[in-house]
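**Student:** Pasting the sequence and the predicted coordinates here, then a few questions.
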Amino acid sequence: MTEDKDLVHILKLLDDESAKVRTRVWEKLEANLPAWEAGIRARLDEVPSAPRRKLLDLLSGRARKGFRGSWLRWRDLASDMERLEAALSGLSWYLAEGKEDWHGGADAPPRHPALGPLLDGLAMEFRQWGGPMSPTSLALFLFTDKGLKGADNDYYNPGNSDLVQVIEKGQGIPITLACVFMLVGHRLGFDISGCDVPEHFLTRAVEDGKDIIIDCFDGGKALEPEKLAQLELKYAPEFSKLLKSTARPEAIVARVLRNLINAYHLAGNRQASQFMWSLAEDLRGEREGDLEIGEDPGADAPGP
């Protein structure tokens, strides 16, 4: 094809001795990037290291721009759980396939599974598991039988904020484990919501007409009254109110983004951290004048 021949010729001129030629080459690449992106990714191994880094920046910039342009569409969905799943599914895709540190070709990552089917599969497995149809039974299934657990050794790994990786690797942080619990529970008709408490993230489930507070990071255990009293004393006066309030999807997504900002910052990936910040700012702009108490408590940390 003519386009293919043109691209091959252009890529060979990326390190041409003439600065004028190199400038024209980059101008043509940028102008034709939408049509040539797949071909560029497939041939990156043929490009010398210096222009390859610039090409990667060009490609990742296009990926970020495209993702950010459609980022907030999840807010148009009808139900809270639909919005939460759509937002986390989009972030999962971006973290795996739209990010800055892969470039296609022979060493591209395997195709990232979609979040929805993984959640469907867990719900189906639970139905076949044979336990009582209840939130506490689901917690036992997910956090004991399936082995989902809190990440202790690499808590600040960005992958712990990707629900697909959480399910596949079997570990996550409080908020992502809680989201798996809530979204699988939603498929089963259970009444499970998030509690946006400081420094941690808990879930509230209604079972036999009573509220039960479950800590997904701590093996899906139901918190005893004594433990709740200790937490209330530590975080008074807002803790009790937060336990009884349902965390909205926007608040949960904002908190996930804060975790990603912090994780990428600690990893030294300034570009990725800044991009997560831009997504959070977009969401904040949409939420102006619509904030609730406890909606922005900061990044999760191990404990309490």
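**Tutor:** Structure's in. What do you need? Residues are numbered from 1 along each chain as shown.
**Student:** And the longest helix anywhere in the chain, what's buried?
**Tutor:** The longest helix of the chain (DSSP state H) is helix 49-70. Neighbour-count burial for helix 49-70 flags P51, R52, L55, L56, L59, S60, A63, R64, F67 (criterion: 16 or more other Cβ atoms under 10 Å). Just so you know, the C-beta spots here come from the backbone N, C-alpha and C atoms, and that holds for glycine as well.
**Student:** which one of the residues you listed sits closest to D208?
**Tutor:** F67 (43.0 Å; Cβ to Cβ).
**Student:** Quick check: buried residues in the strand or helix carrying E281?
**Tutor:** Using DSSP states H and E, E281 maps to helix 270-287. Residues of helix 270-287 classed as buried: A272, S273, F275, M276, W277, L279, A280, L283, R287 (neighbour count, 16+ other Cβ under 10 Å).
**Student:** list the helices and strands that helix packs on?
**Tutor:** Counting by 3 or more Cβ pairs under 8 Å, 6 or more residues apart in numbering; DSSP states H and E, the packing neighbours recorded for helix 270-287 are helix 49-70, helix 249-266.
**Student:** next helix or strand past the first one?
**Tutor:** Following helix 49-70 in sequence order, the next helix or strand is helix 80-93 (DSSP H and E).
**Student:** With just CA atoms, put stretch 122-139 into CSV.
**Tutor:** The C-alpha atoms that make up stretch 122-139 are tabulated as CSV, following Å, rounded to 0.1, in the frame of the first residue of the first chain:
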residue,chain,number,x,y,z
LEU,A,122,-17.4,-14.3,39.8
ALA,A,123,-21.1,-13.9,40.2
MET,A,124,-21.8,-17.1,38.4
GLU,A,125,-19.1,-19.0,40.4
PHE,A,126,-20.7,-17.7,43.6
ARG,A,127,-24.1,-19.0,42.6
GLN,A,128,-22.6,-22.4,41.9
TRP,A,129,-20.6,-22.3,45.1
GLY,A,130,-23.5,-23.4,47.1
GLY,A,131,-23.4,-21.1,50.1
PRO,A,132,-26.2,-18.9,51.4
MET,A,133,-27.2,-16.0,49.1
SER,A,134,-26.1,-13.2,51.4
PRO,A,135,-23.4,-10.5,51.4
THR,A,136,-21.4,-12.1,54.2
SER,A,137,-21.4,-15.4,52.3
LEU,A,138,-20.2,-13.5,49.2
ALA,A,139,-17.4,-11.9,51.3
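**Student:** Flag every buried residue along it.
**Tutor:** Neighbour-count burial for stretch 122-139, with 16+ other Cβ under 10 Å as criterion, is recorded at L122, A123, F126, S134, P135, T136, S137, L138, A139.
**Student:** ok, and what's touching it?
**Tutor:** Stretch 122-139 is contacted from outside by 140-142, 145-146, 167, 180-181, 184-185, 187-188, 190-192, 205-207, 212, 214, 216, 220-222, using Cβ atoms under 8 Å, 6 or more residues apart in numbering.
**Student:** before we move on, what about stretch 85-101?
**Tutor:** Contact with stretch 85-101 is made by 56-57, 60, 63-64, 66-67, 70-71, 73-74, 77, 109, 112, 114-116, 119, 158-159, 161-165, 179, 183, 249, 253, 256-257, 260, 269, 271-272, as judged by Cβ under 8 Å, 6+ apart.
**Student:** Run the chain-centre distance for it.
**Tutor:** Put simply, stretch 85-101 sits 6 Å off its chain's centre (Cα atoms, centre = their mean, to the nearest Å).
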